[in-house]
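Participant: Below is the sequence, then the predicted model.
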Amino acid sequence: MASLATTGCSEKLCSREGDGIRRACTSSSPISRDYVDEKQARQEAALFLREAERTRKQIEKLEKERTLSVQCRKHGWTDVSGGLEEYERILGEERHAEMAKIKKQLEKIQNGVRKFQRLLIDVKPTPELIERLQVIMSEVEVAISALKEEQCTSFEGLLKEERICRQEIAAYGKKIENWNLAVNSEFKPPAAPTVKIKTLDRDLPAEVRAVESYLQKTGGTCGGWDQFDHQTFLRVWTKYSGQPAYRKEAKLYLPCKTLEEIQRHEEWHLELTYLQDRKREAIQRWKTSKELEHQTKIQRQEEAEQAERSKKEARNQAQQLKAEEEKRVAAQQLEEWKEAKRRKEEQEAEQQLAEEKRKSKREKEERRRQLIVKLSVEEQLRLKREEEEEWKRGRREEEEREMDERRKRAAKGIKRLSERDLHRVLAKLEGKQLKEKEEEERQERISAKIKEKVDGHISRDPSRLTRPTKGWEERMKNVGPSGGGPVLQMFHRAVPSWRQGL
């Protein structure tokens, strides 16, 4: 599973490296194409991550199942656990070697891509540079394709191994299901199935029926024993090649069985082996007889096929003669059809030639008519242009006369307006001078009046400085004494020492 995840990762990285090269080579592609490529890359990355997560969960599940090796050691199955551990170690070494190899190939591809991107930065397009880029691109693409082919081959091998393992697991599952169908030693089959088995086995050889009846009587393929006990007995018995010394070791592995039971099971096994050998011989004889019957049947079939072949050849010959006759008739009909078709094509060619002549004549007439119409239209256009030019000329002269008349009227108006403005300006100046003169006279009168008021004689009275004013006297009329008793203490502001005595 880890190898699957590793190979999948390598393939994705290879595809991303290839996409990086393509994006570097086609940097001037439209924005929409880049957006689609980026979206597709994100979808592929998400799919790859989901697949990796699913693979990781499968690996964790398999790691949990490895605890079966501990149970195998507890039950004494050291050979099974040892084989599993050895196989797991081999798989781990192969996986690490494969990962190192893939990592080396990916580093090579990544170095090629980085080298390609460095060459594309701030360079001028020259033939040598383009050739060098092509060489690098070809090397990277060859490396990517080789890695993909290798991964595809490894995937095919893994799929093949998976199919084989699935088939083996299915076979073991069927074998485990058959364990439940094994008949116990104390089981007595009912009468009805016995009759049915006899009716079904009526055509089988006596040796085969003897084995089946022996197994039914003695408790199935394990002789009435448990499957595990029977497998343990077979392993020990095979180890000692059936020698009596095996019974002691078998007794150690099978503590719930007595020596008499082991001896009876050995006799049962020897009898079963003898019957199975006879069954194999009978089956071989049956196969030989079937092969003889098959050969005789094949010989008869070949003779029938020979007769059928001769009949078929006669029919084929008659059909061939009939086909040749039909072919001759068809060839004659084809010749007649070709002749009719040739005559028809000749008639069509003559009709087409006459039609082309009529068409060329009509085209000439149409060109002549169009030429006449063109000349008449050109003459009308010329006359119209002359009339327009004459009208434009008269219009220009009239406009010039109007402009001269307007210019004269404008000059007269300007002269009249300038004289009017001059009279207005002079009148304003006179009014302004008159107002200024009146203002000056008014100011003189005001200053004279003020001077008369200020120049009056006022005597000096120094005592006015210490006397209260009239306002203060009016204010002090309604003010009584402040406080309700003698002053016990009056607080004064502190005087600094440097000011004391001043």
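Facilitator: Arrived safely.

Participant: and after the host helix or strand of residue 93, which helix or strand comes next?
Facilitator: Using DSSP states H and E, residue 93 sits within helix 78-119. Moving toward the C-terminus from helix 78-119, the next helix or strand (DSSP H and E) is helix 127-179.

Participant: Show me what that following helix is packed against.
Facilitator: helix 2-25, helix 78-119 (3 or more Cβ pairs under 8 Å, 6 or more residues apart in numbering; DSSP states H and E). Where you see a C-beta, it was placed from the backbone N, CA and C, and this is true even at glycine.

Participant: so how far is the first residue of stretch 251-258 from its last?
Facilitator: Length of stretch 251-258, first residue to last, Cα to Cα, to the nearest Å: 7 Å.

Participant: Centre of the chain to it, how far?
Facilitator: Distance, stretch centre to chain centre, for stretch 251-258: 64 Å (Cα atoms, centre = their mean, to the nearest Å).

Participant: got it, and stretch 370-379?
Facilitator: On Cα atoms, centre = their mean, the centre of stretch 370-379 falls 69 Å from that of its chain.

Participant: Any idea how far the helix holding residue 93 is from the middle of the chain?
Facilitator: The answer for helix 78-119 is 27 Å, by Cα atoms, centre = their mean.

Participant: Equivalent analysis for stretch 251-269, please.
Facilitator: The answer for stretch 251-269 is 67 Å, by Cα atoms, centre = their mean.

Participant: tell me the mean pLDDT over that stretch?
Facilitator: The average pLDDT for stretch 251-269 rounds to 80.

Participant: Residues touching that stretch, excluding its own?
Facilitator: Stretch 251-269 is contacted from outside by 218, 223, 225, 229-230, 232-234, 236-237, 242, 247, 250, using Cβ atoms under 8 Å, 6 or more residues apart in numbering.

Participant: got any ranges where the stretch 201-350 of the chain has weak pLDDT?
Facilitator: In the predicted model of the stretch 201-350 of the chain, residues 201-204 satisfy pLDDT under 70.

Participant: Where do the helices of it begin and end?
Facilitator: 206-218, 227-239, 246-253, 259-454 (DSSP state H, counting those that start in this stretch).

Participant: Go through the ones you listed and name the closest to residue 154.
Facilitator: Taking Cβ to Cβ, helix 227-239 is the member of the helices of the stretch 201-350 of the chain nearest to residue 154, at 36.9 Å.

Participant: what packs against the helix holding residue 93?
Facilitator: Using 3+ Cβ pairs under 8 Å, 6+ apart: helix 78-119 touches helix 2-25, helix 68-74, helix 127-179.

Participant: Quick one: closest of the helices of the stretch 201-350 of the chain to residue 99.
Facilitator: The closest of the helices of the stretch 201-350 of the chain to residue 99 is helix 227-239. By Cβ to Cβ, the value is 39.3 Å.

Participant: in the closest one, what's buried?
Facilitator: Within helix 227-239, the residues that qualify as buried are 229-230, 232-233, 236-237, counting by 16 or more other Cβ atoms under 10 Å.

Participant: what two of these are the furthest from one another?
Facilitator: Longest span within those, Cβ to Cβ: 229 and 237, 12.2 Å.

Participant: quick revisit: tabulate the contacts of stretch 251-269 (CSV), appending distance to residue 341.
Facilitator: As requested, these are exported to CSV (distance: Cβ to Cβ, whole Å):
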residue, distance to residue 341
218, 92
223, 92
225, 94
229, 94
230, 90
232, 94
233, 94
234, 90
236, 96
237, 94
242, 96
247, 103
250, 99
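
Participant: what's the closest of these to residue 328?
Facilitator: Checking those one by one against residue 328 (Cβ to Cβ), the nearest turns out to be residue 234, at 81.3 Å.

Participant: If we ignore the residues flanking it in sequence, what's nearest that closest one?
Facilitator: Distances taken as Cβ to Cβ, 6 or more residues apart in numbering place residue 269 nearest to residue 234, at 7.7 Å, with adjacent residues excluded.

Participant: what about the one you found, how many neighbours?
Facilitator: 17 (other Cβ atoms under 10 Å).

Participant: now residue 128
Facilitator: So residue 128, with other Cβ under 10 Å, has 7 neighbours.

Participant: Residue numbering should commence at 58 henceforth.
Facilitator: Will do, 58 is the new start, and the previous item becomes residue 185.
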